[in-house]
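> sequence first, predicted model second:
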Amino acid sequence: MNEKILLVDDAKFARKVAIKSLQNGGFDNVIQAATAAETMELFEKEKPDLVLLDITLPDNSDLTLLENLLKKKPDAKIIMTSAIGQDLIIEDSIKAGAKAFVTKPYLEKEFLEVIYKVLEEKEV
């Protein structure tokens, strides 16, 4: 698959796990960021088809980065990820414009299903 995915997570191990799952799902064009600043720079430069965005980063721990990305590109396909799957956080993420929310650690099959649905613009 040719879709370019921007994977944002400050934890190197989490990125490694996600990349393996993405590769198993046929996604080989993955770029990585570990901070909000790096994410904004790569988002503008690389113009990814999908962003997998960890909600907690060293320089951003709320939905500000999500909102800033959507200001740059209102129709961006962004899936929030977090180890904290609290209903309020999930609801707030979706209200703020995320297309879906995946709680870590995730099961590869379900993770990839959400990605396929968001890329195909189907209901998650």
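Arrived safely. Numbers count the residues shown, from 1 in each chain.

> most centrally placed residue in the chain?
By C-alpha atoms, centre = their mean, the chain has its centre lying nearest to residue 52, at 1.2 Å.

> how close does it sit to residue 70?
From residue 52 across to residue 70, the span is 15 Å (C-beta to C-beta, to the nearest Å). The C-beta positions use only the backbone N, C-alpha and C, and glycine is treated the same way.

> list of residues touching stretch 94-111?
Residues from elsewhere that reach stretch 94-111, judged by C-beta atoms under 8 Å, 6 or more residues apart in numbering: 14, 17-18, 21, 24-25, 52-53, 63, 66-67, 70, 74, 76-85, 89-90, 93, 114, 117-118, 124.

> if you set the cut-off to 6 Å instead, what comes out?
With C-beta atoms under 6 Å, 6 or more residues apart in numbering as the test, stretch 94-111 has contacts from 21, 63, 66-67, 70, 77-81, 83, 85, 90, 93, 114, 118, 124.

> ditto for stretch 60-69
Against stretch 60-69 from outside (C-beta under 6 Å, 6+ apart): 36, 43, 76, 96.

> just the buried residues from those residues, in PyMOL please.
Selection of buried members from the contacts of stretch 60-69 for PyMOL, criterion 16 or more other C-beta atoms under 10 Å:
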select buried, resi 36+43+76
